[in-house]
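Colleague: Give me a model of this one.
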Amino acid sequence: KKKMCSRRRPPTHTCHHQPPCASRYDLRMGRLREDFLRDPVTSVSFSHDHNCLLVSTLNSTIRLLDRDTGESLAEYTGHANAEFRLDSVLSHNDAYVVSGSEDGDVCYWELVEGRMVYRHTTAHPTTVTSASYHPTKPGLLTASIDGTVKLWQCERPTTAAAASDDAV
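Modeller: From the prediction side, this is the model:
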């Protein structure tokens with residue numbers, strides 16, 4: 001009799017073991033590095049210069065990590081993220097961290113200081129699951145579990161309240 005391979009269900013976090021972590025592979029050196037983050041990882045993205053990783057976790061915390069060492073450079077809190085996968089991104093010029101929130105808000109933090117500089121309350125009526133910044137211009141797309149997608153055009157986060165919030 002031949003044994004059948006059973007397919008294991010993939011883990012709900014980035015690593016294949018506890019606790020959750022972000023894995024970085026150096027293919028040239030054949031090394032695996034893992035940064036342990038205490039909570040499940042929901043989003044990972046590179047800074048535009050590819051020297052940092054922006055990592056969101058299910059404890060309502062976003063971390064900026066050094067790509068090479070895994071050192072935590074900054075933490076961003078104040079949004080709600082305990083249940084859903086939410087995207088967190090850097091603005092087109094890497095000046096701001098932007099994330100949706102489970103309360104329907106869109107939050108902006110200063111990259112270096114880590115303080116929240118703007119919170120667009122009720123940007124969507126429900127959880128904002130996705131955020132994507134244009135790579136070179138000040139435009140942000142957000143999407144919500146209610147099925148709406150919105151385009152925000154603003155030079156600075158403080159002008160987001162005056163931006164168009166028509167659903168696409």
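
Colleague: in this structure, which segments are predicted with low confidence?
Modeller: Residue ranges of the chain with pLDDT under 70: 1-38, 155-168.

Colleague: Strands of that one, start to end?
Modeller: 21-26, 31-36, 41-46, 52-57, 61-66, 72-77, 88-90, 96-100, 106-110, 116-120, 128-133, 139-144, 149-153 (DSSP state E).

Colleague: export those to JSON lines and tack on mean neighbour count?
Modeller: Any C-beta I mention is one placed from the backbone N, CA and C, and that applies to glycine too. As requested, the strands of the chain are arranged in JSON lines below (neighbours: other C-beta atoms under 10 Å):
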{"stretch": "strand 21-26", "mean neighbour count": "15"}
{"stretch": "strand 31-36", "mean neighbour count": "14"}
{"stretch": "strand 41-46", "mean neighbour count": "18"}
{"stretch": "strand 52-57", "mean neighbour count": "23"}
{"stretch": "strand 61-66", "mean neighbour count": "20"}
{"stretch": "strand 72-77", "mean neighbour count": "16"}
{"stretch": "strand 88-90", "mean neighbour count": "22"}
{"stretch": "strand 96-100", "mean neighbour count": "26"}
{"stretch": "strand 106-110", "mean neighbour count": "23"}
{"stretch": "strand 116-120", "mean neighbour count": "18"}
{"stretch": "strand 128-133", "mean neighbour count": "21"}
{"stretch": "strand 139-144", "mean neighbour count": "20"}
{"stretch": "strand 149-153", "mean neighbour count": "17"}
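
Colleague: residues in contact with the nearest residue to Thr57 once chain neighbours are set aside?
Modeller: Distance criterion C-beta to C-beta, 6 or more residues apart in numbering; nearest residue to Thr57, sequence neighbours excluded, is Asp39 at 4.1 Å. Asp39 is in contact with Pro20, Thr57, Leu58, Asn59, Thr61, counting by C-beta atoms under 8 Å, 6 or more residues apart in numbering.

Colleague: ditto for Glu75
Modeller: Residues in contact with Glu75 (C-beta under 8 Å, 6+ apart) are Thr61, Ile62, Arg63, Leu64, Gly114.

Colleague: How much space separates it from Val41?
Modeller: Distance, Glu75 to Val41, by C-beta to C-beta, to the nearest Å: 14 Å.

Colleague: Asp105 now?
Modeller: Applying C-beta to C-beta, the value for Asp105 to Val41 is 21 Å.
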